[in-house]
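In: Show me the folded form of this:
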Amino acid sequence: MRVVWQLIAVVLVSMVAGQSVAAAEDNPWATLGLGLVASVLSVYVYAWVVGRTEKRAVTEVAWKGAAGAVGRGVLIGTLVFAAVVANIAFMGHYEVDGWGSYTGAVGLAGFMAGASVTEELLFRGVLFRTVEERFGTWGALVPTSVLFGAWHLANPDASLWGAAVIALSAGPMLGAAYVATRSLWMPIGLHFGWNFAASGILSTEVSGNDTQQGLMDASTSGPTLISGGEFGPEASLYTLVFCALVTVGFLWLARRRGQLMPRRSKRADAAALAR
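Out: This next block holds a predicted model:
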């Protein structure tokens, strides 16, 4: 029952945050402010409902060290997406024609902040943690990644191929980032860095969302397997490659730190042997 209450709380605050940010889309500074407020409010709601339903300290959103973890995540997400676009550009399918809109980038920062926080609270904070407790880390990565990919099918220019690539790339990468740190701040930063680099800086389509222009006046073209087509570079094969490398890195770090969780039955057997 605790999962139901957690899902209801996070989904409700996500809906309210999304509607508030969308209502201010014509004012980039208001969008930025509302996005940041929605992000902070979402974290507080998550911490409150999880703390009440699980009767524990909600360490995965502890404020101590949050800024550093978010900053590292933003850097990684930005660099990984930049690597994807650099390869698309090398193939001649990404072109910059000049400067775009700095106010557009401001508004996108607010929009992506709200989206990144609420999605990570929902998918890694509630769903991944819950499944992992029963089925272990490996048993949680697959279903939550599939759900994360399917979540993007509701976007205006969504495609099955784009959703599949997200399920195979971003889902495991963000899940692995959580496992390696046992904190939601790293995947939140990683998610935001990726999305803002895609939209606010490089002005590409984000998950088929009909994204507005950011800092660059840029365009993509060519085969979907290279450029991602209307879904954006997230549907590119380069995304699969670079996200897989980051996922492997995080999982290696998680294993080194002893953060990988076995299935509940294996934990019970290990505890029985230890007695």
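In: Closest to the centroid, which residue in this protein?
Out: The centroid of the chain falls nearest to residue 191 when counting by CA atoms, centre = their mean (3.5 Å).
In: what distance separates stretch 27-43 from the centre of its chain?
Out: Stretch 27-43 sits 17 Å away from the centroid of its parent chain (CA atoms, centre = their mean, to the nearest Å).
In: if we can go back for a sec, can you check the pLDDT for the residue nearest to the centre of the chain?
Out: At residue 191, the model reports a pLDDT of 98.
In: ok, now residue 81?
Out: Reported pLDDT for residue 81: 97.
In: do the one 4 residues further on as well
Out: The per-residue pLDDT reported for residue 85 equals 97.
In: Would you mind confirming that it makes contact with residue 96?
Out: No - Residue 85 lies out of contact with residue 96 (CB atoms under 8 Å); the separation is 10.0 Å. For glycine as for every other residue, the C-beta is placed from the backbone atoms N, C-alpha and C.
In: any idea which helix or strand carries the closest residue to residue 250 other than its chain neighbours?
Out: Nearest residue to residue 250, sequence neighbours excluded (CB to CB, 6 or more residues apart in numbering): residue 176, at 3.6 Å. According to DSSP states H and E, residue 176 maps onto helix 170-181.
In: Next: residue 49.
Out: Going by DSSP H and E, residue 49 is part of helix 28-54.
In: Let me know the average pLDDT across that helix.
Out: Mean predicted confidence for helix 28-54 is 93.
In: Check stretch 203-215 too.
Out: pLDDT averaged over stretch 203-215 gives 86.
In: now it: how far from the chain's centre is it?
Out: Per CA atoms, centre = their mean, the centroid offset for stretch 203-215 relative to its chain is 16 Å.
In: buried ones in that stretch?
Out: Counting neighbours by 16 or more other CB atoms under 10 Å, one finds that the buried residues in stretch 203-215 are 203, 204, 205, 206, 207, 208, 209, 211, 212, 213, 214, 215.
In: Among the residues you listed, which pair sits farthest apart?
Out: Greatest spatial distance among the buried residues of stretch 203-215 (CB to CB): 208 and 215, at 20.9 Å.
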